[in-house]
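Chemist: Quick one, what's the 3D model for this:
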Amino acid sequence: MIIKKTSSQIEKMHRSGKALAEVHEELAEKIKPGAKLKELDAFVSRSIRLRGGIPSFLGYRGYPASICASVNEVVVHGIPNGRRLREGDIFSVDIGMVLDGWHSDRAVTYPVGRVDKVATRLLKVTEESLWAGIKECKPGNRLGDVGQAIQTIVEEAGFSVVREYSGHGIGRSMHEDPQVPNYGSTGRGVVLEPGIVLAIEPMVNAGDWHTKVLSDDWAVVTADGSLSAHFEHTVAVTENGPQVLTGAPLR
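Modeler: As a prediction, the model looks like this:
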């Protein structure tokens, strides 16, 4: 069941989202060669709690950390450990935060130092596909319009959209209905109405779209070992169009 939010509830989610955007801004300054994943996780946990929030991911279905820390071929759900970032890595950081009972969710893939041309283009295309999907989050459109917009940007660039994992509704719970695939057909799927809040999150592989789960039962990696990028915003559908709750206004 899709739970629509009132304007006052969306404003509360916006406060959570703005706090999460600040956490990402602080984290970005820490991402450099030599940074240890576990220490970045601890930094984010402190940063969230200093703002009066709680890390959404910690303990969720047994997940042991506050961030998902996914490096290079890891698509999502990488558990932060003692690994250190290296020059040329790409580092996807997914962070969820609950503030005053309302969740927000945002992911960014950061270049670590100087990265190669493939990685640079992958990050650019993935972020562009996120904004293309966001622009379709307006009343009367359908979820298929969102997925198609993302898929078109990605596939025209020669990359592939991960099929096994998707975006989702969000609110009092971190994961709510509906599921939000990053591929689809225009005019198909759930009709978007004011009050629906979605976490839009394209996951894009430089190679094939297939993935596999590692032995820790969390980390998802590309099946062919290619690079993967992940960008996400929490977005409210309003009568005036999409409202991004976790960062900069719509471009």
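
Chemist: Assess the claim that Gly96 and Gly59 are in contact.
Modeler: No - with contact defined as C-beta atoms under 8 Å, Gly96 does not reach Gly59; the gap is 11.5 Å. Yep, even glycine has a C-beta here, placed from its N, CA and C like the rest.

Chemist: okay, those two: which has more neighbours?
Modeler: Taking other C-beta atoms under 10 Å, Gly96 and Gly59 do not tie; Gly96 has more neighbours (29 against 12).

Chemist: nearest residue to the more buried one other than its sequence neighbours?
Modeler: Leaving aside its sequence neighbours, Gly96 sits nearest to Ser56 (C-beta to C-beta, 6 or more residues apart in numbering; 3.0 Å).

Chemist: again with Phe43
Modeler: Closest to Phe43 by C-beta to C-beta, 6+ apart is Lys30, at 6.1 Å.

Chemist: Quick check: which element contains that neighbour?
Modeler: Assigned by DSSP states H and E, Lys30 belongs to neither a helix nor a strand.

Chemist: Share the number of residues neighbouring it, please.
Modeler: The burial count for Lys30: 14, using other C-beta under 10 Å.

Chemist: Run through the helices of this structure in chain order.
Modeler: Assigned by DSSP state H, the helices in the chain fall at 7-28, 37-50, 117-135, 143-156.

Chemist: For the residue nearest to Gly96, list the residues it contacts.
Modeler: Contact analysis of Ser56 by C-beta atoms under 8 Å, 6 or more residues apart in numbering lists Gly96, Met97, Val98, His103, Asp105, Met174.

Chemist: what's next to stretch 116-136, contact-wise?
Modeler: 88, 90, 109, 111, 115, 145-147, 149-154, 157, 159, 161, 182, 200-204, 206, 227-233, 235, 242, 244, 250-251.
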